[in-house]
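Student: after the sequence you'll find the predicted model.
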Amino acid sequence: MHFKQKMNVAVVSLLTVGVSAIMTPSWAAIPDFSSNDWFKTGDVTIPALNQLILTTGTDSTVLIDDLESFLNLTPGTLDSISGLQTTFGSATRYNAKAGDSISFDWDFLKNGDDFGFFKINDQIQVLSSSSSTFSRFFDSDQSFYIGVVDVNDSIGSSQLRVTRKQQSIPVPEPTSILSILAVGGYGVFLCRRSRKKA
Ligand SMILES: [Ca+2]
């Protein structure tokens with residue numbers, strides 16, 4: 001093959017790659033729940049690679065002080081969110097990188113005053129319904145948490161069940177991002193980040 005022909009092939013190849021990248025963009029799905037990149041504390045089980053269950057009211061939960069430390073929250077934050085005395089809980093954390101995406105269905109079997117939440121950086125979204133879908137595109141490095149909290153007691157088990165929906169999702173239009181963020185009707189709380197314990 002002559003040099004000019006080689007160049008043409010190379011240019012066509014590059015164009016093909018470029019068009020493919022434009023035609024089928026997607027954000028990288030974050031790993032399944034069995035990955036060690038998902039940090040866990042308390043009663044967190046993985047019945048399947050794409051399923052996660054966080055539970056309250058069992059012996060495996062951790063004290064609320066330890067939970068708030070795990071969540072990087074100032075002590076007393078969960079009390080102030082619930083308006084009652086929080087006691088124990090369970091949570092998981094994933095340190096998302098820019099370009100990561102996650103999409104999952106969740107349902108919360110609530111017992112008493114227990115509550116479940118998602119937390120992204122310093123923002124806590126308390127679950128205000130019994131089930132919904134959650135999708136998020138991380139355009140910067142962000143810590144993502146899922147948690148459940150025992151309130152007023154250490155019994156009466158609640159369960160937050162999460163099912164990861166798909167491996168990767170297309171890059172959304174700006175309007176799609178807004179509509180995704182609008183879905184769910186969450187209560188949103190901004191929390192100060194606590195200093196890490198020595
Ligand atoms: Ca309870």
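Tutor: Received it, and whenever you're ready, just let me know what you need.
Student: use CA for all of it now, contacts and neighbours both
Tutor: Will do.
Student: separation between the most centrally placed residue in the chain and the ion?
Tutor: By C-alpha atoms, centre = their mean, the chain has its centre lying nearest to Phe144, at 4.6 Å. As judged by C-alpha to the ion, to the nearest Å, Phe144 and the ion stand 24 Å apart.
Student: for Thr55, same thing?
Tutor: For Thr55 relative to the ion (C-alpha to the ion), the value is 9 Å.
Student: got the phi and psi for the nearest residue to that residue once chain neighbours are set aside?
Tutor: With sequence-adjacent residues excluded and distances taken as C-alpha to C-alpha, 6 or more residues apart in numbering, Thr55 is closest to Gln159, at 4.6 Å. As for Gln159, its main-chain torsions (degrees, to the nearest 10) stand at phi -140, psi 130.
Student: do Asp153 as well
Tutor: phi -160, psi 180.
Student: quick one: residues contacting it.
Tutor: Residues near Asp153 by C-alpha atoms under 8 Å, 6 or more residues apart in numbering: 57, 86-87.
Student: export those to CSV and tack on pLDDT?
Tutor: Output for those, formatted as CSV (pLDDT from 0 to 100):
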residue, pLDDT
Gly57, 97
Thr86, 98
Thr87, 98
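Student: just those: which are in strands?
Tutor: 86-87 (DSSP state E).
Student: the contacts of Asp153: which ones sit near the ion?
Tutor: Restricting the contacts of Asp153 to those within reach of the ion (C-alpha under 5 Å from the ion) leaves Gly57.
Student: export the contacts of Asp153 to a markdown table and tack on neighbour count?
Tutor: A markdown table is the format used below for the contacts of Asp153 (neighbours: other C-alpha atoms under 10 Å):
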| residue | neighbour count |
| --- | --- |
| Gly57 | 23 |
| Thr86 | 25 |
| Thr87 | 22 |
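Student: out of the contacts of Asp153, which comes closest to the ion?
Tutor: Distance to the ion across these (C-alpha to the ion) is lowest for Gly57, with 5.0 Å.
Student: isn't the closest one up against Ser154?
Tutor: Yes - the pair Gly57 / Ser154 is scored as a contact, 5.0 Å apart, by C-alpha atoms under 8 Å.
Student: list residues touching both of these two?
Tutor: Joint contacts of Gly57 and Ser154 (C-alpha under 8 Å, 6+ apart) are Phe88.
Student: so what's the residue nearest to Thr55 up against?
Tutor: If a contact means C-alpha under 8 Å, 6+ apart, then Gln159 has 53-56, 108-110, 148 as its contacts.
Student: where exactly do the helices run in the chain?
Tutor: For the chain, applying DSSP state H gives helices covering 3-23, 64-70, 77-82, 174-182.
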